[in-house]
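Undergrad: this one's structure only:
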Ligand SMILES: Nc1nc2c(ncn2[C@@H]2O[C@H](COP(=O)(O)OP(=O)(O)OP(=O)(O)O)[C@@H](O)[C@H]2O)c(=O)[nH]1
Ligand SMILES: [Mg+2]
């Protein structure tokens, strides 16, 4: 009996074995075949190596940023700023396509007013779920009795026949809103709050940061779900003006019809918006449309002129919700006197910015994109300290942002990723503190300072910093900036600092 176990059966051994009766002719043929196979194999190895080197080189050329934050925090607006500053050609190509979105924003504001005065005339309060506009409506704060122009408003003048007539004449706008929503697609409608909300506020981590739950469950880092329409897709669809094809011509015709109807309603819309009694009703109900996303009622005549072309500022102010995740690639072309731009050019660097939908239902989709990132830009709107989430009126919006930030700071996948915190909507915070009675201390009892905008902003900054200090990586370097993303001039400066910071950090890591 052998001392060793039998050699395991190797099914391929027969292939390698040299036949015992091999002739010298057969040996030659075999050796030629083997040599050619060896060469082929070496070539394949080299190709694989070259492929890997090319992928690594490409990775070095690509700067990948993920832009995160709750819905309406200003993520898409920040990316628009980036495009406006550094990819102006693409920006100008898209500009005219934003008309449909701007008209929809305008029509929504009018229909919101009509809805509110309709409720007022029926002396029945609107239910929170039936209010069309977003955050400022869900505010719990009461407002001073001055209109958007700062002039005092009448105390209790009832709505009358004049308002009924205006409502009747403006009723076609309901259909216009529907048509535009259909034309624009998924991003046109806002998040609808749940039909019934239990009494207890639940700010559990899983609610706020479901991407963490996905991480814990070890879900694969893939991007295999469908990406529905977002602004780039939507704009392509809306790019009617430079397209000869008949479907787009039809869309352009429809848009012209909408413009015609709106222009015909211009006088009535203005009469409605500037009516002192209507404004008093809005104030009474705590609605500050002028601070809502996509507010264009003060620009009526300009927007409804037949030759209207959106300005850069109009596009930054236009509101189109992001659905799913959308990737924007920029080969940076703008930015004179910019040393970093020259460096970008030298290496042919591509900037990839990933924009995500911030509504709660969309947050689980963020996780697959945590892989392979250079930086995360986190948007926290600080003006909304007295507002609740549209999708869950039990949750304060700043608490929600802090919870999200905590989830991101706690994600082990992001240990090597640079964090940039943008405390956004600084302009709105300033206006709110000046023109309303909203008190920070009512929502954050630990705030004991005067309601100066810089002190309030500093207080929120320290709250986010505190969350980072409590995280797994408390020494992580992060940058925080106060921004007003609709103000391009100041945002462009911050974008430059952000961009230089990211490149410098990339360079530092590459040389470690
Ligand atoms: N006044 C003011 N408005 C802002 C600011 N940042 C964004 N907005 C407006 O707020 C609205 C929402 O901004 P978006 O960039 O669409 O928000 P988002 O985070 O992409 O939202 P989702 O796509 O729903 O996740 C838009 O109408 C913007 O013009 C700001 O700093 N100040
Ligand atoms: Mg967006």
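TA: Thanks, I have the structure now. Here the structure is a predicted model, which is why all the values come from computation and not from measurement. Ligands and ions are numbered 1, 2, ... in the order given.
Undergrad: Please identify the buried residues of the helix or strand containing residue 89?
TA: When elements are defined using DSSP states H and E, residue 89 is found to belong to helix 88-95. Applying a neighbour-count criterion of 16 or more other CB atoms under 10 Å, the buried positions in helix 88-95 are 90-91, 94-95. The C-beta positions use only the backbone N, C-alpha and C, and glycine is treated the same way.
Undergrad: Which strands and helices lie in contact with the next helix or strand after it?
TA: Stepping forward along the backbone from helix 88-95, the first helix or strand reached (DSSP H and E) is helix 99-121. Packing partners of helix 99-121 (3 or more CB pairs under 8 Å, 6 or more residues apart in numbering; DSSP states H and E): helix 161-169, helix 172-184, helix 231-238, helix 246-274, helix 276-284, helix 300-303.
Undergrad: just to revisit the earlier point, name the helices or strands packed onto the helix holding residue 89?
TA: Helices and strands touching helix 88-95, as assessed by 3+ CB pairs under 8 Å, 6+ apart, comprise helix 75-86, helix 312-317.
Undergrad: got the angle for that helix vs helix 75-86?
TA: Compare the direction of helix 88-95 with that of helix 75-86 by axes from the mean of the first three to the mean of the last three CA atoms, to 10 degrees and you get 130 degrees.
Undergrad: mind checking how far helix 88-95 is from the chain centre?
TA: From the chain centre to the centre of helix 88-95 is a distance of 19 Å (CA atoms, centre = their mean, to the nearest Å).
Undergrad: Stretch 471-486 now?
TA: Stretch 471-486 sits 18 Å away from the centroid of its parent chain (CA atoms, centre = their mean).
Undergrad: wait, does that stretch contact ligand 1?
TA: Yes: figure legend: stretch 471-486 in contact with ligand 1 (CB under 6 Å from any ligand atom); contacting residues 484-486.
Undergrad: Looking at the residues you listed, which is nearest residue 308?
TA: The shortest gap between residue 308 and any of the residues of stretch 471-486 next to ligand 1 belongs to residue 486, at 19.0 Å (CB to CB).
Undergrad: Can you get me a residue count around that closest one?
TA: One way to gauge burial is a neighbour count; for residue 486, by other CB atoms under 10 Å, it gives 20.
Undergrad: and what of residue 434?
TA: So residue 434, with other CB under 10 Å, has 9 neighbours.
Undergrad: Which strand or helix spans it?
TA: For residue 434, the element it lies in under DSSP H and E is helix 426-435.
Undergrad: any idea of the mean pLDDT for that helix?
TA: Confidence over helix 426-435, taken as the mean pLDDT, stands at 95.
Undergrad: after it, next one along is what?
TA: Beyond helix 426-435 in the direction of the C-terminus, DSSP H and E gives the next helix or strand as helix 440-443.
Undergrad: Any buried residues in the helix or strand following that next one, and which?
TA: In the C-terminal direction, the helix or strand that comes right after helix 440-443 (DSSP H and E) is helix 453-469. Buried positions in helix 453-469, judged by neighbour count with 16+ other CB under 10 Å: 453, 456-457, 459-461, 463-464, 467-468.
Undergrad: pLDDT weak spots in this structure?
TA: Of all residues in the chain, those with pLDDT under 70 make up the ranges 1-16, 57-59, 124-157, 186, 190-248, 332-348, 507, 509-512.
Undergrad: For it, which residues are neighbours of ligand 1?
TA: For the chain, the contact set with ligand 1 under CB under 6 Å from any ligand atom comprises 69, 71-77, 293-294, 316-317, 319, 321-322, 357-359, 424-425, 427-428, 484-486.
Undergrad: Pull up the gap between residue 388 and residue 398, please.
TA: Applying CB to CB, to the nearest Å, the value for residue 388 to residue 398 is 10 Å.
Undergrad: before we move on, back to that, tabulate the residues of stretch 471-486 next to ligand 1 in a markdown table, adding columns for secondary structure.
TA: Output for these, formatted as a markdown table (DSSP: H, G, I helix; E, B strand; the rest coil):
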| residue | secondary structure |
| --- | --- |
| 484 | coil |
| 485 | coil |
| 486 | coil |
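Undergrad: From those, list the ones also adjacent to ligand 2.
TA: Intersecting those with the surroundings of ligand 2, defined as CB under 5 Å from the ion, gives nothing.
Undergrad: mind giving me a markdown table with the buried residues of helix 88-95 and columns for distance to residue 255?
TA: Output for the buried residues of helix 88-95, formatted as a markdown table (distance: CB to CB, whole Å):
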| residue | distance to residue 255 |
| --- | --- |
| 90 | 21 |
| 91 | 20 |
| 94 | 15 |
| 95 | 14 |
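Undergrad: Could you identify the most distant pair in these?
TA: Using CB to CB, the two most remote members of those are 90 and 95, lying 10.0 Å apart.
Undergrad: On the three-state scheme, residue 403 is what?
TA: With three-state DSSP as the criterion, residue 403 was assigned helix.
Undergrad: and residue 78, what is it in contact with?
TA: By CB atoms under 8 Å, 6 or more residues apart in numbering, the residues touching residue 78 are 67, 377, 379, 422, 424, 483, 485, 491, 495.
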